[in-house]
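Q: Sequence and predicted structure below; questions after.
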Amino acid sequence: MSQLALANLHNFVAADAAVRRRQKLQPVGGKGDKVFPPTYPGEGRNAPPRHVYEKRRLETKDVWCVLVDSVQSQANRLEECLLQVIADGIPIPHVVVDFGAAKLDGISRVTSLDAPHRVYDAILRDSLLGKVPFMESNVGKQLAKAKPEDASALLETSPTALLFGAWHSTGEGGGIGAKFARCLISEIVGIDVPIEESTDRRTGEIDVRTSGRRTGSRIDPLGVLRKVDVFKGESGWGVTEAAAGKKAKKVRPSEINHGNIAPSVQPLGITCDYLEHSFVLSFAAVRRLHFGGGERDSAGRTLLAALGLLALAEQDARGYALRSRCDLVCEGRAALELVRPDGATEALSIDRNGARMLYKSAFEVAQSAGFKLSAEPLRLTPQDKLVEIVRQSQELALRGAGGEDEESGDGS
């Protein structure tokens, strides 16, 4: 099967529904090995963490599935892969906030590919392009006014925002500014997961949790016992209230990371029949975006499609080490499928090198169509006030003060 060519992709984007893939995965430890999906807060006060379960229709039956990597998490991972592509010299327009001169611990730069709200993030908004606040610059004003009817400013400044979705939520009109739905959906789910069901006697609601268990414990090599008097205050911790400083209160040794942690068992971790990575790049969604009509529309849409395929190929090359005890490997290699308007499918082939060449060609064609695309990022510098709140936060963190948990005493 030959590699996907730019001319073919151009035609697919213009007329077809999508390109998709459903890739089976297994734990790198082997089929049936336990993996750990992400945990989310339980409902109610002091509820234990839990995984996210839902029943999905699989051929002719409903099976319990668990979320292993959400659409949002997958978008972040794909953007991480594209950042590495940029480091390898592939030209992807993006914005960089350079914190180098601020000399903040552990923070040198933030880009539109790793900021939570992409090009519309507050980190970029509170930075300067030259001496002008970013959103007050000519580029920023164009981004604020961008709409699907003319998304040229985003394509030229940060095309990943069009691919993965973005919203200028602090824009004019109470957050009804620029808003773009994602064109690419990627998600990893565990299929056919053993679960335990219980019914709340009071409400009748059914609670679902994993049949797996996670154990935990710690033996303190110093043998510090929990009955030892320890006080924690503004000066740190001490064995007297005076030594701990102002606002000192008595705490357990475990709250200053000393002493044993009693063995515990939590309903966490899963096994499953297999895991599935589903990927859909919607050409119909891409066609909702306009860039001035004619050749520009065609070139801009093809560039976005090539960027989406590049992100997938790069993630395949990187692998699926998602988190601690959630390292996955492909079960064979599923082919990409072109989805025709009538639902018919056709196998496609593209590897990492092919995806890079395809994107470079699409980039050059888009430049020829009149897009102002640059291999160099748009560089911003953080405003002094942004640097200051980060510096103060780091100082508070070093003192163990100012944490999120201390802002409310009622758990709200």
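A: Okay, I see it.
Q: Report the central residue of the chain.
A: Asn76 (2.7 Å; CA atoms, centre = their mean).
Q: contacting residues for that residue?
A: Contacts here follow CB atoms under 8 Å, 6 or more residues apart in numbering; on that basis Asn76 touches Asp114. Using the backbone N, CA and C atoms, a C-beta is placed for each residue, glycine as well.
Q: which SS state does it fall under?
A: Using DSSP: H, G, I helix; E, B strand; the rest coil, the three-state assignment for Asn76 comes out as helix.
Q: what's the span of stretch 88-106, first residue to last?
A: Criterion CA to CA, to the nearest Å; first-to-last residue distance in stretch 88-106 is 23 Å.
Q: Low-confidence ranges, the stretch 1-150 of the chain, go.
A: Counting by pLDDT under 70, the low-confidence segments of the stretch 1-150 of the chain come to 1-2, 44.
Q: Can you show me the helices along it?
A: With helices called from DSSP state H, counting those that start in this stretch, the stretch 1-150 of the chain shows them at 6-15, 71-87, 122-125, 138-145.
Q: I'd like to know which of those helices is closest to Ala284.
A: In this view, the helices of the stretch 1-150 of the chain are compared for proximity to Ala284 by CB to CB, and helix 6-15 is the closest at 9.9 Å.
Q: what helices or strands is that closest one leaning on?
A: In this structure, helix 6-15 makes packing contacts with helix 283-286, helix 294-318, helix 352-368, judged by 3 or more CB pairs under 8 Å, 6 or more residues apart in numbering; DSSP states H and E.
Q: got CSV for the ones you listed, with distance to Arg50, mean pLDDT and mean neighbour count too?
A: Below are the helices and strands packed on helix 6-15 laid out as CSV (distance: least, CB to CB, whole Å; pLDDT from 0 to 100; neighbours: other CB atoms under 10 Å):
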stretch, distance to Arg50, mean pLDDT, mean neighbour count
helix 283-286, 32, 98, 20
helix 294-318, 27, 97, 22
helix 352-368, 37, 97, 19
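Q: Output these as a markdown table; include the columns distance to Gln394.
A: Formatted as a markdown table, these follow (distance: least, CB to CB, whole Å):
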| stretch | distance to Gln394 |
| --- | --- |
| helix 283-286 | 40 |
| helix 294-318 | 30 |
| helix 352-368 | 38 |
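Q: my guess is His94 meets Ala375, correct?
A: No: contact between His94 and Ala375 fails when scored by CB atoms under 8 Å: they sit 10.3 Å apart.
Q: Tell me which of these two has more neighbours.
A: Each of His94 and Ala375 has its neighbours counted (other CB atoms under 10 Å); His94 has more, 24 against 11.
Q: Relative to Pro49, how far out is the more buried one?
A: In this structure, His94 and Pro49 are separated by 34 Å, where distance is defined by CB to CB, to the nearest Å.
Q: do Leu304 as well
A: 37 Å.
Q: Which one of the helices and strands packed on helix 6-15 lies nearest to Gly190?
A: Of all these, the one in closest proximity to Gly190, counting by CB to CB, is helix 294-318 (18.2 Å).
Q: Tell me which helix or strand Met341 sits in.
A: Met isn't right for residue 341; it's Pro. When elements are assigned from DSSP states H and E, Pro341 belongs to no helix and no strand.
Q: Surely it is in contact with Ala15?
A: Yes: Pro341 is within contact range of Ala15, at 7.2 Å (criterion: CB under 8 Å).
Q: Tally up the residues packed near the closest residue to Glu54 other than its chain neighbours, please.
A: What sits nearest to Glu54 in space, not counting adjacent residues and going by CB to CB, 6 or more residues apart in numbering, is Cys65, at 5.9 Å. The burial metric for Cys65, expressed as a neighbour count using other CB under 10 Å, is 23.
Q: who wins for proximity to Val193 among the helices and strands packed on helix 6-15?
A: The minimum distance between Val193 and the helices and strands packed on helix 6-15 falls on helix 294-318, with 23.4 Å, by CB to CB.
Q: and the next element down the chain from the closest one?
A: strand 320-323.
Q: Show me which residues of that following strand are buried.
A: Of all the residues in strand 320-323, those buried under the rule 16 or more other CB atoms under 10 Å are 320, 322.
Q: Name every strand pairing with it and say which way it goes.
A: Strand 320-323 sits in its sheet next to strand 326-330 (antiparallel), going by DSSP bridges.
Q: ok, now how distant is the residue nearest to the centre of the chain from Val119?
A: Taken as CB to CB, the span from Asn76 to Val119 is 15 Å.
Q: what's the answer for Ala284, then?
A: For Ala284 relative to Val119 (CB to CB), the value is 24 Å.
Q: How confident was the prediction at Thr345?
A: In the prediction, the pLDDT value recorded for Thr345 is 96.
Q: Tell me where the stretch 1-150 of the chain has strands.
A: For the stretch 1-150 of the chain, the strands defined by DSSP state E, counting those that start in this stretch cover 18-27, 53-58, 61-69, 95-98, 109-111, 127-129, 132-133.
Q: Roughly how far does Gly319 sit from Gly308?
A: Distance from Gly319 to Gly308, by CB to CB: 19 Å.
Q: pLDDT score for Gly177?
A: The predicted structure scores Gly177 at 69 on the pLDDT scale.
Q: what's around Val239, how many residues?
A: Using other CB under 10 Å, the number of residues around Val239 comes to 11.
Q: Now do the domain split for this protein, please.
A: With automatic domain parsing serving as the domain definition, the record reports that the chain contains domains spanning 6-191+269-387, 214-266.
Q: Comparing these, which stretch has the densest surroundings?
A: Comparing the domains of the chain by mean neighbour count (mean count of other CB atoms under 10 Å), domain 6-191+269-387 ranks first with a mean of 18.
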